[in-house]
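1. Have a look; sequence and predicted model below, questions after that.
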Amino acid sequence: MAEVQLVAALQATLDPNRETRRAAEAHLNTSASRAGYLPLLLTLITSNDPSVSGIKHIAVVHLKNVIKNNWVESDTPVPEVDRPTLKTNLVDLMSVAPTNIKAQLATSITLISSHDYPKNWPELLPSLISKFSNPLNLLGVLETLNSILKRFRYVERNDAIYIDLKYTLDLLQAPLLGLATSLNGVIEQNRGEILKCIRLVCRIFFSLNWLDLPEFFEDNVASWMGLFKSWLELTTSDEDEDEASEEEKVKKAVIENLNLYAGKDEECFTPFLGNFTEIIWKLLLEIKASPGRDDLCCTSLKFLTALISRSINASVFEKALDDIISKIVIPNVAIREADVEMFEDDPDEFILRDMEGGEGDSRRRCGVDLLRGMCRGWEDRVTAVVMGHVQSMIGKSWQEKDAAVLLLTAVAVRKESRLGGVSEVNPSVPVIDFFVQHVGNDLGGSEVMLLAGSLKFVSTFRNQFSGAQLNAIFPMMIGALKNSSAVVKTYAANGIEKVLARKADDFGKVQIQPHLEPLFSGLFSNIADPNLPPNAYVMKTIMRALATIKADAVPVAEMVIKALTDALAVVCKNPQNPHYNHYLFESLAVLIKSVCGSNPQYVDSFEPLLFPSFNHILQADVAEFTPYVFQILAQLLEYSNGVISESYMTLFGPLLTPVIWESKGNVPGVTRLVVAYIEKGGAKLMLEGGFLMPVLGVFQKLISSKANEHYGFLLMTSLIGSLGIQALQAQIAEVFNILFQRLQTGKTVRYQRHLTLFFAFVVGKEGAGVFRSILESIQPGMLGMILKGVWAPCVLTESMFNKSDSKTMTVGLTALLNDEGVMTFDGGATWSQTAVCVMKLLSTSVNASNTENKEDAKGDSEEVELNFDSSFSKLHHAGKPLVDKFPNVTDPAVGFAQALTKGCAKMPGVVQAIQAKCQDEKIVAAWEKEGASATEIMQVMTTRYGAKLA
C-alpha cells in the first residue's frame, strides 16, 4: 500500500458515512497483516510533510490497535519480518515525538513488551536506560519504563516472573539509584519536570520491590530512605485547592513505597520506621481539608492503618489511641463543605468514593479503615472511646450526627464481605437500638445527607435486621427513590437491591408483593427521567427485583419490558455506562427467564416489543450491544414452542454472513442463536430452507480459529444431533477432513479435548460402526490410530471433565468397546487402553460430582457476581444449562460394566492388561489378588461406581 493510499484510508475512517467508515477500517485491518505495512505506517508517523500532520494521530492510534489485536494469538498476526523494524524504531520515535503522539507510542511499546520482554526484546531495557542522561527525553522514557514494569506488581509468584525480574534488576537497579540521586540534586533547575520524573522513579521502585526485597535495594536501603525522607520534607511552592501539587504527588508515591516495605516486615527497614511514622503523623496533623490534598491524606492514613493492623510499633500507638481518634480519625470522617458540594453537584463521584464496595478512595473511608484497624488490637478500648464521641456528637448539628453514625458503623462491623454484607458485629455496639433511637427517623426526614446516611446504614446492616423490621422500613426506602437528590435515589436503589439479595428467607418474594407497583414505578421513574444519567444501581435493582419475584412478574411483564425497551432505545444513542447497559440486558434476560420459562406462549408477546430495538442495534452495528442482543434472541427462541416466527426467519440469513462473525464479541452469542435455529428448525430449515451449506461455511471458519474452535464444535454437534449424520452424508467426510487438518496444523490440548468429545458424541449418537466407516473412508486403520494417538492420551491426561462431558465421553467410548473392530485391533491392546480410559472417567466423575453440585448451586444463586468485559459479556440470567446429550442413559457405568464383561469373556488376556494400566487406586487395590476374574472385576466395578449388571 502506497503512502498516499494509506493516508486516504486513514482519513476515510473519520467519514460520517458509516459504510465508508467501515470499509476503510476493514481495508486497514486486512492490510495490517501484510509485510511492509507497519513500517510504512511508522514512516507516515515520522514524516515532516505538513500535508499529513493532521492524520498522524489517527495513524498512531491505528498502530497501537494493530499491535493490541494482532501481536499475539491472532488469525492475522503482525508479520515476523516487520517486528524487528517496529521494535527498533518505536523507542527512538517515542523519545522525540510530540506529547499526543508520545502517549500512544508508549502504550504500543508496553503492549509489545507485555509479550516479548525480555526474552524476545532484550535490547528494550538497555535502550531506555541509555536515555537516562538526556533530560529532554527523560520524562517520556520514565513513563514508558514505568508502564512496562507494572507487570511485576500484583502478580502471582512463579519462576518465570522471577527470571524476568532478575534480568530487569541486573540492568536497572544501579542506574535507577544513580538517576534518583542525580534528580534530587537538580530539583530547582526545572522543578515541575524534575518532580514528575522523581514520582516516576518512585513508581518504578515500587514495581521492582513488590514481589520481594531485592538484595541491591537491601544493601542500599539507607541511600533510598535518605532520598525518601528528603522528598517527604519538600515544601509545596504552589498549592491549588482542587489539584494536588507535584510535591504532594511525590510524597504520595514515597509513602506507597514505605507502606510496601512496612508490609514486608524487613529487618533492614526497621531502623527507619519510627522516623517515617513521625513524619507522616505530623503530615496528617498539618494537612489541609481541601480536595487537592485528599490523595496524599488517604495514602498517609493507609500507612498508619497498615502499621496498626500489623501491630508494628504497637506500644507507640497504644499510648496514642485517644489522640489518633480525636485528632486524625474524626477530622477525616467529618463532612466538609467540599463533600456537600460534591454530593449536590457531582453525585457520581460522591457515590464512587462513599458507596459500600465503591472503587474510589475518600478521607472518610480511609478514616473508617484506620478505626477498624485499631479495633483489631484494642477493640474494647477503641469502642469505649468512640461511643463516647458518638454520644457527644449525635445531638448536635446534622454534620456531627452524620460523622457519629459513620464512627459507630466503623466500630460495629467485625466481619463483612462486599456481596454478603456484615456477618458479625461488635457485641458492645447496639446496632439496631441505635438505628431505632437515632437513625430510623432520618428515613423520613428532610436533610438529604442524613437520609442518604440512613439508607446506607440499612444497606450495611441488612443482615442484622429481622424480616419484620425490614417490612416496616421497605416502603420508606421505596419512597426515597423519588427524592430529588441523585445520591439519595442511588442509595435507596442500592439498599433495596442489597436487602433483596439477603440469604435469609424472612424477607423476599412474598413480603415485597404488595409493594411491586410503587417499587417498579419508583425505579422506572429514574430510568425514564431525561435529566438523569443512566444509573447502574437503579438498573441492577430492577434486575434483582425481577429475579426475586420470578414468575410473579407475569402481571407486570408487559409494563416492565416496555420500560426496558424504552431505556434501551435511549442508551443506544450513547452507550456510555457499561455497568448500566449490562444490568439492562440482565433485566431483560431475567424477565424472559421468569415469564417465558414457565409460560412459553409469552414469547409471541415479547417478540414484537423487543425486535424493533434489536433490529436497530443490529442494523446500526452498535458494537457494545450486539453480543447482548444475540444472547437474548437465542434465549427467547429456545423458550419458543417450536415454530420459528417470521421475524426470526427474516433474521437468519443475515446472521450467516461473514461480517457478523468477524467481531469476536459476537461469536459466542450468535453461535448459540444459530444452534437454537438448528434445534427448532431442524431438517426443514437446514435442508429444505437451503441453509445447510452456509452453516457449514461458518463451521469451517470457526474451526480454523484457536479462539473460536469451541463454537465450531457446538455448531456441528447441533447439526448432527438435530438432523442425524445421514442428512450430512454428502458433507461428513469433508467435515472430518477439516477437523483432522486442524489437528495436524494446530494441535493443542484444548483442541484435542473438543475433538474427542465430538467424536464421543458422534459414536454415542450414531453408533461405532458409522463412526468407524467414516474414518476408514478417509484412511484405513485410522480409528486405531486416533484411539491410541489422540483419544486415549487426551482422556488419561485430562484432569477433570465436567459431569455432562464425562458422561458423553463414557457413552461414546463404551460404544467403541462393544465394536468388533476395536476388539480385534492389535490383539486387544487398544481395547484395554480404552477400557482404562472409561475407568478413569467414571472414577473422576465420582470425585467431581460433589464439586460440580456446589458449582451448580452457585450458578443458580442470585448472589453470583456479574462480570463483563469490552468484547463479550455473558448474561448470567440468559445462561443455558448444560444439556445431557444422552438422557436415556441413566447410569453409563452399567453399559460399561456390560461391555467389560463381554470383552473379558472374548479376550481373557485383557484382564491383566487392564489391571496393569489402571490408574484408579481403589480398583488396583481390589485387584491385588493374582488372576482376578471378570466376575471379580464386576464386583469391584459395582463397589466403586455403583454399576448394577442387568
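-> Alright, I've got the coordinates.
2. ok, so what distance separates the closest residue to Tyr711 other than its chain neighbours from Asn137?
-> Once flanking residues are discounted, Tyr711 sits nearest to Thr671: 4.1 Å by C-beta to C-beta, 6 or more residues apart in numbering. In this view, the C-beta of every residue, glycine as well, is placed from N, C-alpha and C. Distance, Thr671 to Asn137, using C-beta to C-beta, to the nearest Å: 49 Å.
3. Looking at these two now, which is surrounded by more residues?
-> Each of Thr671 and Asn137 has its neighbours counted (other C-beta atoms under 10 Å); Thr671 has more, 23 against 18.
4. Enumerate every residue touching that one.
-> Counting by C-beta atoms under 8 Å, 6 or more residues apart in numbering, Thr671 touches Leu702, Tyr711, Leu714, Leu715.
5. burial measure for the last one, as a count.
-> What that stands for is Leu715. Leu715 has 20 nearby residues by other C-beta under 10 Å.
6. just the second one next, same as before
-> Using other C-beta under 10 Å as the criterion, Tyr711 is surrounded by 24 other residues.
7. Was I right to think it contacts Pro668?
-> Yes. Using C-beta atoms under 8 Å, Tyr711 is in contact with Pro668, at 6.7 Å.
8. Residue ranges in the stretch 451-600 of the chain under the pLDDT threshold?
-> In the prediction, the stretch 451-600 of the chain carries no residues with pLDDT under 70.
9. Backbone torsions only: list them for Ser423.
-> Main-chain torsions, Ser423, degrees, to the nearest 10: phi -110, psi -20.
10. And for it, the neighbour number?
-> Using other C-beta under 10 Å, Ser423 has 12 neighbouring residues.
11. how far away is Met839 from Leu816?
-> Applying C-beta to C-beta, the value for Met839 to Leu816 is 14 Å.
12. hang on, the earlier thing: looking at the contacts of Thr671, which two lie furthest apart in space?
-> The span of the contacts of Thr671, defined through C-beta to C-beta, is set by Leu702 and Leu714 at 8.6 Å.
13. what's Val72 in contact with, if anything?
-> With the criterion set at C-beta under 8 Å, 6+ apart, Val72 makes contact with His115.
14. For it, give its distance to His115.
-> 5 Å.
15. All the strands of the protein, in order from the start?
-> Remark: strands assigned in the chain by DSSP state E are 413-417, 421-425.
16. Ranking these by mean neighbour count, which comes first?
-> Comparing the strands of the chain by mean neighbour count (mean count of other C-beta atoms under 10 Å), strand 421-425 ranks first with a mean of 17.
17. and that strand with strand 413-417, angle?
-> Interaxial angle of strand 421-425 relative to strand 413-417 (axes from the mean of the first three to the mean of the last three C-alpha atoms, to 10 degrees): 150 degrees.
18. what packs against strand 421-425?
-> Packing partners of strand 421-425 (3 or more C-beta pairs under 8 Å, 6 or more residues apart in numbering; DSSP states H and E): strand 413-417, helix 448-460.
19. by how many degrees do that strand and helix 448-460 diverge?
-> Using the same axes, to 10 degrees: strand 421-425 against helix 448-460 is 80 degrees.
20. Contacts for strand 421-425, please.
-> 412-417, 431, 459-464, 498, 502.
21. quick revisit: of Met839 and Leu816, who's got more company?
-> Leu816 (27 against 24).
22. Report how many residues lie close to the nearest residue to Pro39 once chain neighbours are set aside.
-> Among residues not flanking Pro39 along the chain, Thr85 sits closest, at 5.0 Å (C-beta to C-beta, 6+ apart). Neighbours of Thr85 under the rule other C-beta under 10 Å: 13.
23. Which helix or strand in this structure has the lowest average pLDDT?
-> Within the chain, confidence by mean pLDDT, DSSP states H and E is lowest for helix 921-926 among all helices and strands, at a mean of 55.
24. Quick check: which ranges of this protein have low pLDDT?
-> Within the chain, the ranges that satisfy pLDDT under 70 run 1-2, 237-239, 356-360, 799-800, 845-871, 912, 915-950.
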